[in-house]
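# model this:
(one chain, ligands or ions: 2)
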Amino acid sequence: MSTQQGLDPRQPAPGAQGGPIIQVAGVNKWYGTFQVLTGIDLEVSAGERIVVCGPSGSGKSTMIRCLNGLEKVQQGRIVVDGIDLTANAHNVEAVRQEVGMVFQQFNLFPHMTVLQNCMLAPMRSRGVTRQQAQDTAMKYLERVRIVDQAAKYPSQLSGGQQQRVAIARALCMTPKIMLFDEPTSALDPEMVKEVLDTMIGLAEDGMTMLCVTHEMGFARSVADRVIFMADGRIIEQAPPSEFFSNPQHEKTRNFLGQIL
Ligand code: ADP
Ligand code: MG
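Ligands and ions are numbered 1, 2, ... in the order given. I've put the predicted structure just below:
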């Protein structure tokens, strides 16, 4: 097939191949009178793996929650896969179909089995049949290597197993983007690796990922870019090799000095 570069007048849709799948421009957000995010600009390409780090209270959770409409912003623009979250309240539902999220506390439904947890959202909001939902759930439970626990309730699983179920549950919605907010922070140390390994597998499969984490080994080996936040701003961002060896900002150096 021949290509004629420069002759096609159509603009590629935002989020189309080549363009950023996430565009954040000039975002300011307040909780009451407290400004939690200031001047956030961020573009993420499809398939990019981003680690977000920074001191507690710097706005990391708030920023990534804005990307699937869990938080509203007062100023600026957020476009996810071509859908403008800031234009129309109805767009939030459309974006949530494409963005999976995994939290520090696994947030599984305690009264449902692992399998039921994974089937619920696709049946409710994707309109798939019970059988399709079950097939998809089993596929992703297999992928996070926990399919043998499908009939159990969350309380019967370890923290690491619950978090892997939470990842499988998010994947059952076949998201284009996965957001992780400190997914290993609530885990006992011996369970951190199994969750990070699951995330590494997703990264290797080309998932677009934003991960708030202080697991700097994960950042070094998986991230394309590390973003450092402080006081509600993106202070610095760089590929991990540069970020760790040559941090530019004093706040970054202080932070790395504390956690490494
Ligand atoms: P991080 O994830 O980096 O620790 P957060 O985004 O959770 O930071 O919080 C950033 C700041 O916003 C903190 O000072 C926090 O106390 C404040 N904050 C977070 N959520 C709320 C809220 N719902 N109402 C008021 N203040 C909040
Ligand atoms: Mg947080």
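
# up against ligand 1, what does the stretch 1-150 of the chain have?
Contacts of the stretch 1-150 of the chain with ligand 1, taken as Cβ under 6 Å from any ligand atom, map to 31, 36, 54, 56-62. All C-beta spots, glycine's among them, are computed from the backbone N, C-alpha and C.

# so can I have a markdown table of these showing secondary structure?
Output for those, formatted as a markdown table (DSSP: H, G, I helix; E, B strand; the rest coil):
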| residue | secondary structure |
| --- | --- |
| Tyr31 | strand |
| Val36 | strand |
| Gly54 | coil |
| Ser56 | coil |
| Gly57 | coil |
| Ser58 | coil |
| Gly59 | coil |
| Lys60 | helix |
| Ser61 | helix |
| Thr62 | helix |
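
# what's the closest of those to Asp135?
Closest approach to Asp135 among these (Cβ to Cβ): Ser61, at 33.5 Å.

# so that closest one sits against Phe180, correct?
No. Ser61 is beyond contact range of Phe180, at 10.9 Å (criterion: Cβ atoms under 8 Å).

# now do the shared contacts for those two.
Each of Val212 lies in contact with both Ser61 and Phe180 under the rule Cβ atoms under 8 Å, 6 or more residues apart in numbering.

# who's more crowded, those two?
Counted by other Cβ atoms under 10 Å, Ser61 and Phe180 do not tie: Phe180 has more neighbours, with 26 against 19.

# which element is the more buried one on?
Taking DSSP states H and E as the definition, one finds Phe180 inside strand 177-181.

# ok, then the element right after that strand?
helix 189-204.

# buried ones among the residues of the stretch 1-150 of the chain next to ligand 1?
36, 54, 58-62 (16 or more other Cβ atoms under 10 Å).

# give me the neighbour count for Gly159.
18.

# that's a strand at Met173, yeah?
No. With three-state DSSP as the criterion, Met173 is located in coil rather than a strand.

# from ligand 1, how far out is Gly257?
Remark: distance between Gly257 and ligand 1 (Cβ to the nearest ligand atom, to the nearest Å) = 18 Å.

# follow-up on the earlier one: identify the farthest-apart pair in the buried ones among the residues of the stretch 1-150 of the chain next to ligand 1.
For those, the farthest-apart pair by Cβ to Cβ is Val36 and Gly54; their separation is 12.7 Å.

# ok, Asp231 - contacts?
So Asp231 contacts 38, 58-59 (Cβ under 8 Å, 6+ apart).

# which phi and psi does it have?
Per-residue torsions, Asp231: phi 50, psi 40 (degrees, to the nearest 10).

# ok, Val222 next?
Torsion angles, degrees, to the nearest 10, at Val222: phi -110, psi -40.

# which residue is the nearest non-sequential neighbour of it?
The shortest distance from Val222 to any non-neighbouring residue, by Cβ to Cβ, 6 or more residues apart in numbering, is to Ala203 (4.9 Å).

# and Val24, helix, strand or coil?
Here Val24 is recorded as strand under three-state DSSP.

# over to Phe244?
Criterion first, three-state DSSP; result for Phe244: helix.

# just to revisit the earlier point, direction included, what does the strand holding Phe180 pair up with?
The partner list of strand 177-181 in its sheet, established with DSSP bridges, is strand 99-102 (parallel), strand 208-212 (parallel).

# specify the angle between it and helix 189-204 in degrees.
Going by axes from the mean of the first three to the mean of the last three Cα atoms, to 10 degrees, strand 177-181 is angled at 160 degrees with respect to helix 189-204.

# what about the helices in the stretch 51-200 of the chain?
For the stretch 51-200 of the chain, applying DSSP state H, counting those that start in this stretch gives helices covering 60-66, 91-96, 114-121, 130-143, 159-171, 189-204.
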